[in-house]
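*Asks:* Task: produce atomic coordinates for the following.
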Amino acid sequence: MNFFRKIYRVVQIIYRVWKYNLLMGLYSHQLPFGLRLLIGLFSGFRTRPTPEKLAHSWRISLETMGPIFVKLGQLLSTRKDLLPPPFINELTLLQEQVQPLPADLVIAVIEKSLKRSIHDIFITFDRQCLASASIAQVHLGTIQLSDGRIIEVAIKVRRPDIQKTIDLDLSLMYALATLVEKISQDGKRLKLRQVVAEFDRHLHDELNFLLEASNATQLERNIASLNLALIPTIYWDYSTEEVLVMQKMHGIPIQDREALLASHISLPQLAKNGIILLFSQVLGKGFFHADMHPGNLRVSIENEHIGKFILLDFGIVGSLTDFDKEYLAYNFLAFFRRDYRQVAQLHIQSQWVPANTDLNELESAIRCVCEPYFQKSLKDFSLGHVLVQLFQTSRRFQVEIQPQLVLLQKTLLNVEALGKQIDPELDLWATAKPYLENWMRAQISPKHLLYHFRQEFPFYLHHLHQIPRIWIQGQQETVVFQRKIHSQFVQYAESHKRSQRWVWFYQILLLLTIAYGFWFTYPILISNQYWLNVFQQMFEESNDETPLDETPLEDQSVILAFNEDNSGCKDLFKVIVNSNTKTLNRYMTS
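*Replies:* Sure thing, here's the model as predicted:
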């Protein structure tokens, strides 16, 4: 049954591609004739649409094809370096203008999840949808807390049966990734199946609103000391896996530059704070918001929090190990210092490229890509262009894309787009470099070492009384290991000694066999040619110069026997001696 559902899903996707005439957007006279003919046949040779109409068709088709394709459109909406303005404008609408569900259906989901009537849960509930996204939509309402306060809240409700659609689309993505890895070397190098698996994990995490709520509270603790961002309060008594109730946050959309200026918010400082906020999440606790597109960011205009970021939607977060953080910090710092050799060395040391990679060649390739972009403002600099060129260069060196960093790459691209919208003159390098240098110095400071010691001290204290027992066990295991090694060595020595005896036996047997064969075959090999010469000279010098044709039949048979059978050499010699004694004596004397 699942197989037929997949076939049906593939047919649906192909039908929408045909319905909205999407492939004609790829039609170009530069394409091979066979590919142009295939596109034309599939599209029915319809007229190529204008860029605006084609962009609109792409947005509508992505909305109808499901949440995964909407997520793809959201990612592409930040790639101004890859897509023309009509596509960017249309795909941006995917972030908050996905077709909403009917209010009655949303209320039914809430009542089923919380097992109460909507009137018992909320004092007020706005049936008008505030925002609609690919996985959920948001409504406004009010609740009364235990202390009697009435709070305005945002109610996030998951779309029903969305998980089945996501699972089906992910299975198709797995199949496509497997196929590409089998037929393409780039597919293997990019680890497409691992990338899909990473996306699968984070997408299913986003479906669980309780996990999203815990992500929000964790992130709030991590960035509280920065005083740069606000995170809505979660009301756990009203939240389930399908419904999430949180504090309603008042702010200006991050992309509304005019409204930000009207509120007297410093855009350069806001852009710098955004970069510091990103790097502090990544390098601080290694736990960062991984879905920072414009639809999930606001700027507070409240007096006590004016100019602070408001983060929303914590369904997708990324996490890095200590090794990943240190590797990234060293790479960024070397990159900002233009130390391309250290960047190349770090790639080799982390085994992202084969160990036999030529260091000088890799350094030269990285310098060729990165050097032209330095000393440029963010208006002229494009991280997307750098990544694209680095990707093309990485093919030569078989760089393996690390799945655990895919979300970080996506977040960096989103931050680049946001930086351009907030402050086109922002110098990314001048802002990030001091922070990275301070972070690196902090990692080796006595304060940092003391902090880690205090963190590990309870563990040391807990296992302190076990040290004598562990030491005795270690000594016992060492003795047992030494005895085992000695026993194995003795066994090996005895086995080697026995094998050496047989080697000597077989060597002597071989020599005897060779000697016997030589003794048996040498006289036969020698006598054949030697006695033929003797016999020939004997008849040539004989007084009886009878030709061979006139030789008696008895002598001819002897001669023939001599020529054909070496085994009768001795008997043949006796016959010759008896019949030609005089000639033979004269020959031997001479």
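*Asks:* all strands of the stretch 151-300 of the chain, in order?
*Replies:* Secondary structure of the stretch 151-300 of the chain (DSSP state E, counting those that start in this stretch): strands located at 229-230, 243-247, 251-253, 287-289, 297-300.
*Asks:* Give me the phi and psi angles of the residue nearest to N227 when sequence neighbours are not counted.
*Replies:* Once flanking residues are discounted, N227 sits nearest to K308: 7.6 Å by Cβ to Cβ, 6 or more residues apart in numbering. All C-beta spots, glycine's among them, are computed from the backbone N, C-alpha and C. Per-residue torsions, K308: phi -90, psi 150 (degrees, to the nearest 10).
*Asks:* Pretty sure K308 sits against R298.
*Replies:* No. Counting by Cβ atoms under 8 Å, K308 sits too far from R298 to count as a contact (9.5 Å).
*Asks:* What mean pLDDT does the longest helix anywhere in the chain get?
*Replies:* Longest helix in the chain by number of residues, with DSSP state H as the criterion: helix 467-540. The average pLDDT for helix 467-540 rounds to 74.
*Asks:* For stretch 4-20, buried residues please.
*Replies:* 9, 13, 16-17, 20 (16 or more other Cβ atoms under 10 Å).
*Asks:* Check stretch 352-363 too.
*Replies:* Across stretch 352-363, burial judged by 16+ other Cβ under 10 Å covers 352-353, 357, 362-363.
*Asks:* so how far does that stretch reach from one end to the other?
*Replies:* Terminal residues of stretch 352-363 lie 14 Å apart, using Cα to Cα, to the nearest Å.
*Asks:* Kindly present the buried residues of stretch 352-363 as a markdown table, with separate columns for distance to I467.
*Replies:* Putting the buried residues of stretch 352-363 into a markdown table (distance: Cβ to Cβ, whole Å) gives the following:
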| residue | distance to I467 |
| --- | --- |
| W352 | 39 |
| V353 | 42 |
| T357 | 44 |
| L362 | 46 |
| E363 | 47 |
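*Asks:* Could you single out the nearest of those to V157?
*Replies:* Checking those against V157 with Cβ to Cβ, the nearest one is W352 at 42.1 Å.
*Asks:* Now do the SS call for that closest one.
*Replies:* At W352, secondary structure determined by DSSP: H, G, I helix; E, B strand; the rest coil is coil.
*Asks:* go on, the one 4 residues further on?
*Replies:* Classification of N356 by three-state DSSP places it in coil.
*Asks:* Please name the nearest non-neighbouring residue to A334.
*Replies:* Q342 is the one closest to A334 (Cβ to Cβ, 6+ apart), at 4.0 Å.
*Asks:* Okay, and the one you found sits in which element?
*Replies:* Element membership of Q342, judged by DSSP states H and E, is helix 340-349.
*Asks:* Following the chain past that helix, name the next helix or strand.
*Replies:* Next element after helix 340-349 (DSSP H and E): helix 359-370.
*Asks:* How about the contacts made by V70?
*Replies:* With contact taken as Cβ atoms under 8 Å, 6 or more residues apart in numbering, V70 is in contact with 62-63, 94, 98, 133-134.
*Asks:* Between all of these, which two are separated the most?
*Replies:* Pairwise over these, using Cβ to Cβ, the maximum falls at L62 and A133, 13.0 Å.
*Asks:* Looking at the two, which is more packed in?
*Replies:* Between L62 and A133, counted using other Cβ atoms under 10 Å, the more crowded position is L62 (26 against 23).
*Asks:* tell me the contacts of that one?
*Replies:* 69-70, 72-73, 91, 94.
*Asks:* Phi first, then psi, for it.
*Replies:* Here is the backbone geometry of L62 (degrees, to the nearest 10): phi -60, psi -40.
*Asks:* count of neighbours near K272?
*Replies:* Neighbour number of K272 under other Cβ under 10 Å is 22.
*Asks:* residue contacts, it?
*Replies:* 426, 431.
*Asks:* before we move on, what about I68?
*Replies:* By Cβ under 8 Å, 6+ apart, the contact set of I68 is 134, 166, 169-170, 173, 203.
*Asks:* Go through the residues you listed and name the one nearest V369.
*Replies:* For these, the nearest to V369 is M173 (29.6 Å; Cβ to Cβ).
*Asks:* Check the gap between the closest residue to that closest one other than its chain neighbours and L283 for me.
*Replies:* Excluding its sequence neighbours, the residue lying closest to M173 (Cβ to Cβ, 6+ apart) is V196, at 5.0 Å. For V196, the distance to L283 equals 27 Å [Cβ to Cβ, to the nearest Å].
*Asks:* hang on, the earlier thing: what about the residue nearest to A334, how many residues close to it?
*Replies:* For Q342, the neighbour count with other Cβ under 10 Å is 17.
*Asks:* any idea how far it lies from S117?
*Replies:* Distance from Q342 to S117, by Cβ to Cβ: 64 Å.
*Asks:* ditto for F209
*Replies:* With Cβ to Cβ as the criterion, F209 and S117 are 20 Å apart.
*Asks:* do the same with S364
*Replies:* For S364 relative to S117 (Cβ to Cβ), the value is 69 Å.
*Asks:* Repeat that for W236.
*Replies:* The value you get for W236 to S117, if Cβ to Cβ is used, is 20 Å.
*Asks:* Equivalent analysis for R341, please.
*Replies:* Taking Cβ to Cβ, one finds R341 at 68 Å from S117.
*Asks:* before we move on, what about M24?
*Replies:* Distance from M24 to S117, by Cβ to Cβ: 52 Å.
*Asks:* Tell me which of the two has more neighbours.
*Replies:* The neighbour count for M24 versus S117, taken as other Cβ under 10 Å, is higher for M24 (19 against 11).
*Asks:* My guess is the more buried one contacts R36. True?
*Replies:* No. Checked against Cβ under 8 Å, the pair M24 and R36 is beyond contact range at 10.7 Å.
*Asks:* all helices of the stretch 1-150 of the chain, in order?
*Replies:* Along the stretch 1-150 of the chain, counting by DSSP state H, counting those that start in this stretch, helices occupy 2-19, 33-43, 51-65, 67-76, 85-92, 103-114, 118-121.
*Asks:* so can I have CSV of these showing distance to Y327?
*Replies:* Below are the helices of the stretch 1-150 of the chain laid out as CSV (distance: least, Cβ to Cβ, whole Å):
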stretch, distance to Y327
helix 2-19, 38
helix 33-43, 41
helix 51-65, 35
helix 67-76, 24
helix 85-92, 33
helix 103-114, 42
helix 118-121, 47
